[in-house]
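Peer 1: curious how this folds, go ahead:
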Amino acid sequence: MGKVYERIEPRLRTFIEEQPVFFVASAPLAGDGHVNVSPKGRSGTLAVLDDLTVAYLDFGGSHAETVAHLRENGRITLMWCAFTGPPKVLRVHGRGEPVFRDDPRWPDLIRHFAEVDGPGARSIVLVHATMVSDSCGFAVPFMDYREERTQHAEHFGRKSEQEFAAYCARKPYNGTSIDGLPAIPLPLPDRTA
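Peer 2: Next comes the predicted model:
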């Protein structure tokens, strides 16, 4: 049976940290806007900062829907599913904010992602939990984890900061969302030291 928690308790934190993939959901305020759900996975890209705060590294890609939605309204939900072991689905509902590369908080936050940091990092998404809940997960299938995909890290690892900035600038849905909302600031800000 599902339960609501006041915070990310230690056993929930352990569950979060053990999952190789999570999902992020956000939406614009407009009723006809596009709801977005994104899978996230690369090892080392998620950090539980405290019992009410989670952060993940937002890498370059073809879209920036989550960032745009957060800039507009801040609503976000993160979800983890147990694909092994006891069935569980865990959600952190909250208020999110993108921390861009020129934000004074960047140097302190990026340290949580030192093993995976690189030129492809365009923002850090901070999520302040307003509700933490779980549910049974009985319908989630068992799935075996094989290994990390390396293409994303390799692709962006070959780019210099200037090449990555040019990549973001030429993608039609990095500076604005598919609904026309402001997303990643372009030109891409330089990273604070």
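Peer 1: only C-alpha atoms from now on, for both contacts and neighbour counts.
Peer 2: Noted.
Peer 1: what's residue 120 in contact with, if anything?
Peer 2: 59-60, 156-157, 159, 164 (Cα atoms under 8 Å, 6 or more residues apart in numbering).
Peer 1: element containing the residue positioned nearest the centre of the chain, please.
Peer 2: Most central residue of the chain, judged by C-alpha distance to the mean C-alpha position with Cα atoms, centre = their mean, is residue 56 at 4.5 Å. Residue 56 belongs to strand 53-59 when elements are defined using DSSP states H and E.
Peer 1: for residue 166, same thing?
Peer 2: Taking DSSP H and E as the criterion, residue 166 maps to helix 161-170.
Peer 1: same thing with residue 134?
Peer 2: Using DSSP H and E, residue 134 falls within strand 121-135.
Peer 1: for residue 121, what are its contacts?
Peer 2: Residue 121 makes contacts with 57-60, as judged by Cα under 8 Å, 6+ apart.
Peer 1: show me the helices in this structure, by range?
Peer 2: 10-18, 65-72, 106-110, 151-157, 161-170 (DSSP state H).
Peer 1: show me what counts as buried in the longest one.
Peer 2: Which is helix 161-170. Buried residues in helix 161-170, counted by 16 or more other Cα atoms under 10 Å: 161, 164-165, 167-169.
Peer 1: what does the third one give?
Peer 2: Of the residues in helix 106-110, 106, 109-110 count as buried by neighbour count, 16+ other Cα under 10 Å.
Peer 1: can you tell me what sits against that helix?
Peer 2: 99-100, 117, 124, 191-193.
Peer 1: how far is it from where the chain is centred?
Peer 2: In terms of Cα atoms, centre = their mean, to the nearest Å, the centre of helix 106-110 is found 15 Å from the chain centre.
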